[in-house]
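*Asks:* only geometry, no sequence info:
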């Protein structure tokens, strides 16, 4: 496959391994641009990290790694169009809000830190407001008296990650992609083609995009970037009143409110392998933190506790780009807690790189080469 | 119906309203002695207070009301034979343990109080041991360092309340009782007979035993004793190791360990009407307390949260005996948190009273007349 | 209380017993018109029949009792404004659709009957279409080949009953009503005032509206209309694709599709008292019927099985109006499977009657007097 | 590592990959014989195929592959001692029954086939009885009239697979094994040692036992035997009466009854990758079949639907033995639907082979070499 910039690609065949939010977005983007796509996931669509996602879209909060913020902001800017396109191609509605976020401070130190963040956001041209105790409760009346200050970022949002992933996979299929549940065992990457060994046979393609999150695939000759699965428990409760209209972000938990008055309370961050069971400690700490932020949540009813595994790379940054040693193998993994937010940008970067050989500057930070 | 002591009763027809642990035990006792019994419960068997019962049999802990202790001790003494009989009549096994209880102290004040209790139990001839920190962990190694003293009562036990209630209802039926799900709306009690109005018609009997717990029935001419439903939430977890072999009783929760390594963590005490939903506050407080007593429970997996309503009378004592104004109406209600423990004694007292007109001295304390 | 037509009522105090869809709607209507309202439900809001409601608004299907159709049509005509008002007063969103219904025929006999219905609807001026096999699948492509004909009624709709009930209770409170969880034990109705005995004391009011559904209250001197609780099991599944955009009504089940691609599959009709457990038979029959109508539902994931009890009167009609013998007692019960559909009309009829003494002609059919 | 027969092995270090029933049994056996064992499973203990196991121990029914019957019979003969040992080493109780099985016929053809089986079992010296309709219902009174004949094998049994696996892992740890949740990515097998690449680093051992079931590991230089995950859905219901005392085996489902009157209804056999969600079709077919065999199950209450993935090799036989090309790598995989039954024998065979170099004749049938 000739990937020089400007070359038009025809009849290119690409395998995408992993049908979470990232793999499904990549498959949709590739199929929409004319590639023949196989989307492979032995578990089905959206049943990995996506399962524990609360769907927060908040680059000015969540980009823990400062370097990641720029990419996250770019990705958020793509979101309205991304949602429009996937709803159109799939015919499926996706619950999506851009009502902002409110990050709360529970003590003086946190308040000072929030004030500082507000200042630097303003300097950077990001609209935000720093509110005192009364101000915080004026905009979100259910917040507890423990909240002594708050930072509101109106451009933030939240989206139903499960609905979005389902819709992306459906949209990819509407554009001709094939979805398969064969388990991928290993990848042998060559110069211009790659072979995937699956539980049901081998697949030859011009290129392979690995988007399998925590579920690493042995890829040879070089190993894939190391990933640690980080378990997230997420409690789904049903409130009888409006808890908030924005994402509420606190030190020990966050709250994501939906149209039907359900709220996601998230999320644990646990390095325990792939054990997918809920735990007494996980649940009680989330509930304690949630009731501390919004006392009326104490009356809410517990519907479900969900569990997912987020893929964490060594430096907590994603790895996006072609393998250092196998030109036919591309990675889009390690999105850790930012997969939903970074999905539109990742899909666009990967499509440009795989189909046009165009390595956009955003890739520098997240290049697989940095692990070598 | 002639209820003079010594009179043999033949062909007596009795309606028992309520098929929880108390009503089912009463129905079984009456049917076993030859009465024709209708057991009425619109909800089915064991779906009221019994649902939230952890099945603790511990008169030296639970008899909060000191006066109740004597009755509770009598009832516990009947338990081995009670279980033997119900298993035999029903053919159903019931998980039942007499492995003792360990009541723990988390601070000096509690320890002093436990030591005092130990002393008074010993004086009263009750076998028990007061243990220090090391002693407590020697017998129950999973206890946390927060436990600084413990009182062990070897004669205590625990039983699967749901299994026991099902078996009692089955045993009653094996002895000829009929089970019906008609809803009982009102009772009109006369001198020698009573009429029950149900959703499907009226039932005439020689006597009615009201064992409907929190679900009071309008009974005329005199009102029934007032009952408040007290919600209990009970968390059912699955541990991966042995948490305890005895019932563990702490200030803010108790733990009841079963053969399959599941543990009941109980229980909230909430005056919220009949709202049967679980709540964030209820669950988190129980889990917090449990993890404080046994840290390894933090790793346990949450299976289920159950909810039941215990019937609380004004003085927190049960009401057992014939109505002050309606000789054909008998009450066996208000067992609050002691229904499972008091079931064998209650059944025996009620059967003697209803069938033989014999008012045993134990009834003095719990007589309906005290409400007049 | 003077209820002559035209009289302005001031300071009237009314107790509404039961906070299901009907009681909450009545309480909202009364409070909105200025009455002082106590809304009493020991279980909390929406936890009776409402729990099993699929929220279907389809008078031309569901009005099994032909006489009821006229009332149902009137009520449906009020629905847009009803939803607007409750959302405004409560500030809570309610998922509500008017996308129509499709009633399907699985054999020739059913098809003939549908054709006949279509004809009579058209005669009555109701917009509808009778479709053959291809036509049915053109508008609802997921329908199975077993469907050989269909009747579409575009004016029908569906609403999230739980959201609506919560919002009505919140709207009533926003208008000054007080919500209490005291259990109501009995009602003594007089000429101009009534006394309610509750678990926590007595309440005196100018009037009592009994909207307690299957949970009958002993009311004296005259008994309340007899109600049988009819259990409904309702399976909540999550589909991965669009199952339908309309309510689908078949012989053995119906399907109600929501915005998030979940579907309610309902409902059993069981006379088993108040046993609130799900059963193997209930669930399997609903799932069999659903997979027969829409084969792709076979792949859907089971989220939950809900259970509720609908109040059925002897003639299956609701009972709305004042007690034949107690002028201060009003009934709004027995809505059976039509409570959600009839709520707006019932609320309006009751408010006119209680506050203005105005007995509208619609009441003739459903008068309590017919039970005497 | 010197594995010549008769050689005493000291200080041998072995990694066991997979902590399901097979890996845990192998780890326990190796540790009990003095090896230093690492037991690796990223999901934790018993969360793979074991999750969907009903715990049936019935070689004369389940050994679908006739060749497997001999191994299965050997393994069953080890079971009493196996359970005794694991309970002793772990201190954990395991529910285990040897009450027999009853395989039922629903039509003449099945009855004839059962009669033939009975004959050949008797010839082979296996105690069994072939019963007609009345005989079947005499020993299992809850069976439906659809059952026209039955084959009873008294030596069969059933065991709580989850309890057993937990206890085996605990017993292995009590014998010094270390349990880790690092994810295993690849294995490089040499002549006398192997290297495992995990998510947290590499592990060197004298030998590796691969017991990872459906979760194949890329092992080089030679590939591992191909495995297909076969999903099993298993419904857990609570009956209110005794459904059976034996395992009941029918054409479309089986029933496994437990001491607490719960029943496992199993199991689907689905080739759908690793999608771990329950489905409408899976559940309804199991429930239909169960209610057909035992009508009273129709009244049972659904507690839970569990899902697991059984590893199926190409010829449906397990693969046990050393790798054809990597002497330091051993397989114990592909037990498909027989993992619980074959666990004791597999553990014993593997321990003899790995520690003593002793290849027992039973290995001939299941040798990895047959895949080459």
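*Replies:* Cool, got the structure. Here the structure is a predicted model, which means the values were calculated and not measured.
*Asks:* Enumerate the residues of the stretch 101-250 of chain A near chain C.
*Replies:* Neighbours of chain C within the stretch 101-250 of chain A, by Cβ under 8 Å from any Cβ of the partner chain: A:160, A:163, A:166, A:170, A:240, A:241, A:242. No exception for glycine: its C-beta is placed from N, CA and C like everyone else's.
*Asks:* Any of these buried? List them.
*Replies:* Buried by 16 or more other Cβ atoms under 10 Å in any protein chain shown: A:160, A:163, A:166, A:170, A:240, A:242, out of these.
*Asks:* Please, where are all the helices along the stretch 101-250 of chain A?
*Replies:* Using DSSP state H, counting those that start in this stretch, the helices of the stretch 101-250 of chain A run over A:108-123, A:133-139, A:161-174.
*Asks:* mind checking which of those helices is nearest chain D?
*Replies:* Chain D sits nearest to helix A:161-174 of all these, at 11.6 Å, using Cβ to the nearest Cβ.
*Asks:* about what we covered before: can you say which of the helices of the stretch 101-250 of chain A is packed in most?
*Replies:* Counting by mean count of other Cβ atoms under 10 Å in any protein chain shown, helix A:161-174 has the highest mean neighbour count of those, with a mean of 26.
*Asks:* re earlier: same list, the helices of the stretch 101-250 of chain A, but as TSV with mean pLDDT and distance to residue A:44 please.
*Replies:* Formatted as TSV, these follow (pLDDT from 0 to 100; distance: least, Cβ to Cβ, whole Å):
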stretch	mean pLDDT	distance to residue A:44
helix A:108-123	95	39
helix A:133-139	96	40
helix A:161-174	96	9
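*Asks:* Nearest to residue C:217 among the buried ones among the residues of the stretch 101-250 of chain A next to chain C?
*Replies:* residue A:240 (25.0 Å; Cβ to Cβ).
*Asks:* is chain D contacted by stretch A:362-372?
*Replies:* No: Stretch A:362-372 stays clear of chain D (Cβ under 8 Å from any Cβ), getting no nearer than 14.0 Å.
*Asks:* List, one by one, the residues from the stretch 51-200 of chain A near chain D.
*Replies:* Counting by Cβ under 8 Å from any Cβ, the stretch 51-200 of chain A sits next to chain D at A:181, A:182, A:183, A:185, A:186, A:197, A:199, A:200.
*Asks:* Residue ranges in the stretch 51-200 of chain A under the pLDDT threshold?
*Replies:* Scanning the stretch 51-200 of chain A with the threshold set as pLDDT under 70 gives A:62-64.
*Asks:* hmm, 50 instead?
*Replies:* Counting by pLDDT under 50, the stretch 51-200 of chain A shows no low-confidence range.
*Asks:* Check what pLDDT residue A:241 gets.
*Replies:* Predicted confidence (pLDDT) for residue A:241: 85.
*Asks:* my guess is it contacts residue A:296, does it?
*Replies:* Yes: with contacts counted by Cβ atoms under 8 Å, residue A:241 reaches residue A:296, the gap being 6.2 Å.
*Asks:* who touches stretch A:277-288?
*Replies:* For stretch A:277-288, the external contacting residues (Cβ atoms under 8 Å, 6 or more residues apart in numbering or on different chains) are A:233-235, A:252-253, A:265-268, A:270, A:305, A:307, B:237, B:280, B:283-284, B:287-288, B:290-291, B:297-302, D:44, D:47.
*Asks:* can you do 7 Å?
*Replies:* Defining contact as Cβ atoms under 7 Å, 6 or more residues apart in numbering or on different chains, one finds that stretch A:277-288 is touched by A:233, A:235, A:252-253, A:265, A:268, A:305, A:307, B:237, B:280, B:283-284, B:287-288, B:290-291, B:297-302.
*Asks:* Restricted to helices, list those residues.
*Replies:* B:280, B:283, B:284, B:287, B:288, B:290, B:291 (DSSP state H).
*Asks:* Tell me the residues of chain A that contact chain B?
*Replies:* A:237, A:277-281, A:283-284, A:287-288, A:290-291, A:297-302, A:305 (Cβ under 7 Å from any Cβ of the partner chain).
*Asks:* Which stretches in the stretch 1-150 of chain A count as strands?
*Replies:* A:13-17, A:36-40, A:56-57, A:96-97, A:101-105, A:129-132, A:149-153 (DSSP state E, counting those that start in this stretch).
*Asks:* thinking again about what came up before, could the ones in helices among the contacts of stretch A:277-288 go into a markdown table alongside neighbour count and distance to residue C:34?
*Replies:* Formatted as a markdown table, those follow (neighbours: other Cβ atoms under 10 Å in any protein chain shown; distance: Cβ to Cβ, whole Å):
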| residue | neighbour count | distance to residue C:34 |
| --- | --- | --- |
| B:280 | 26 | 36 |
| B:283 | 23 | 41 |
| B:284 | 22 | 41 |
| B:287 | 27 | 46 |
| B:288 | 17 | 46 |
| B:290 | 27 | 50 |
| B:291 | 22 | 52 |
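*Asks:* Next, the angle helix A:161-174 makes with the helix ranked longest in chain A.
*Replies:* Using DSSP H to define each element, chain A has its longest helix at helix A:339-356. Going by axes from the mean of the first three to the mean of the last three Cα atoms, to 10 degrees, helix A:339-356 is angled at 20 degrees with respect to helix A:161-174.
*Asks:* Closest one to residue D:366 out of the buried ones among the residues of the stretch 101-250 of chain A next to chain C, please.
*Replies:* Nearest to residue D:366 out of those is residue A:166 (Cβ to Cβ; 41.3 Å).
*Asks:* these two touch, right, the closest one and residue A:50?
*Replies:* No: under the criterion of Cβ atoms under 7 Å, residue A:166 makes no contact with residue A:50, lying 9.6 Å away.
*Asks:* got a pLDDT number for residue A:219?
*Replies:* pLDDT, read off for residue A:219, is 74.
*Asks:* same deal with residue A:212?
*Replies:* So, for residue A:212, pLDDT stands at 93.
*Asks:* OK, contacts around it?
*Replies:* Residue A:212 makes contacts with A:17, A:18, A:333, as judged by Cβ under 7 Å, 6+ apart.
*Asks:* which among those gets closest to residue C:177?
*Replies:* Among the contacts of residue A:212, residue A:18 lies closest to residue C:177 (Cβ to Cβ), at 52.9 Å.
*Asks:* The closest one reaches residue A:41, doesn't it?
*Replies:* Yes: if you go by Cβ under 7 Å, residue A:18 and residue A:41 touch, sitting 5.7 Å apart.
*Asks:* Find residues that contact each of the two.
*Replies:* Residues touching both residue A:18 and residue A:41 (Cβ under 7 Å, 6+ apart): there are none.
*Asks:* And for residue A:341, the neighbour number?
*Replies:* Residue A:341: 29 surrounding residues under other Cβ atoms under 10 Å in any protein chain shown.
*Asks:* List the contacts of it.
*Replies:* Contacts for residue A:341 (Cβ under 7 Å, 6+ apart) come out as A:57, A:59, A:62, A:72, A:75, A:76.
*Asks:* Apart from its chain neighbours, what residue comes closest to the fourth one?
*Replies:* Counting by Cβ to Cβ, 6 or more residues apart in numbering or on different chains, the nearest residue to residue A:72 once its immediate chain neighbours are dropped is residue A:59, at 3.3 Å.
*Asks:* hang on, isn't the one you found packed against residue A:68?
*Replies:* No: using Cβ under 7 Å, residue A:59 makes no contact with residue A:68, being 8.1 Å away.
*Asks:* which neighbours do the two share?
*Replies:* By Cβ under 7 Å, 6+ apart, no residue touches both residue A:59 and residue A:68.
*Asks:* could I get the helices of the stretch 101-250 of chain A as TSV with distance to residue B:219?
*Replies:* Converted to TSV, the helices of the stretch 101-250 of chain A look like this (distance: least, Cβ to Cβ, whole Å):
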stretch	distance to residue B:219
helix A:108-123	60
helix A:133-139	50
helix A:161-174	53
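*Asks:* ok, the residue of the stretch 101-250 of chain A found nearest chain D - contacts?
*Replies:* In the stretch 101-250 of chain A, the residue that lies nearest chain D is residue A:181 (2.7 Å; Cβ to the nearest Cβ). Under the criterion of Cβ under 7 Å, 6+ apart, the neighbours of residue A:181 are A:41, A:42, A:44, D:272, D:273, D:275.
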